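Enquirer: Here is a sequence with its predicted model. Questions after.
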Amino acid sequence: MDTPSQVTRLMDLKELASQWKVSPHTIRSFVRQKKLIPTRICRRLLFAPTECERFLREQAAKSSR
């Protein structure tokens, strides 16, 4: 392989909650409301950086209205 593959690191629920400075319950609430779409592996909720960015952009657009 000539080009290195880019691996996307998925964040788990606790990592994302810590990064956003909210509780894990808040993240689960966003998932239940279908505002934030996780990748599920078994029962674990994992979040792709692109999905997190999409969610934050949508929230910023709603707050600027």
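Expert: Everything's here; your move. Predicted model, so just to flag it, every value in this text is computed and none were measured. Residues are numbered from 1 along each chain as shown.

Enquirer: Let me see the contact set for L45.
Expert: Under the criterion of CB atoms under 8 Å, 6 or more residues apart in numbering, the neighbours of L45 are 12-13, 27-28, 31, 38-39. All C-beta atoms are positioned from the backbone trio N, CA, C, and that covers glycine.

Enquirer: same deal with L16?
Expert: With contact taken as CB under 8 Å, 6+ apart, L16 is in contact with 27, 47, 52.

Enquirer: Show the average pLDDT along whichever strand or helix holds the last one.
Expert: Element membership for C52 (DSSP states H and E) is helix 49-63. Taken as a whole, helix 49-63 has an average pLDDT of 94.

Enquirer: And stretch 7-27, by the same measure?
Expert: For stretch 7-27, the mean per-residue pLDDT is 95.

Enquirer: any idea how far that stretch is from the chain center?
Expert: Put simply, stretch 7-27 sits 7 Å off its chain's centre (CA atoms, centre = their mean, to the nearest Å).

Enquirer: how long is that stretch end to end?
Expert: In stretch 7-27, first residue to last residue: 24 Å (CA to CA, to the nearest Å).

Enquirer: Could you shift the numbering so residue one becomes 34, and keep it that way?
Expert: Sounds good: first residue 34 from here, last item stretch 40-60.

Enquirer: hmm, back to that, mind checking which of the contacts of L49 are buried?
Expert: Buried subset of the contacts of L49 (neighbour count, 16 or more other CB atoms under 10 Å): 60, 80.
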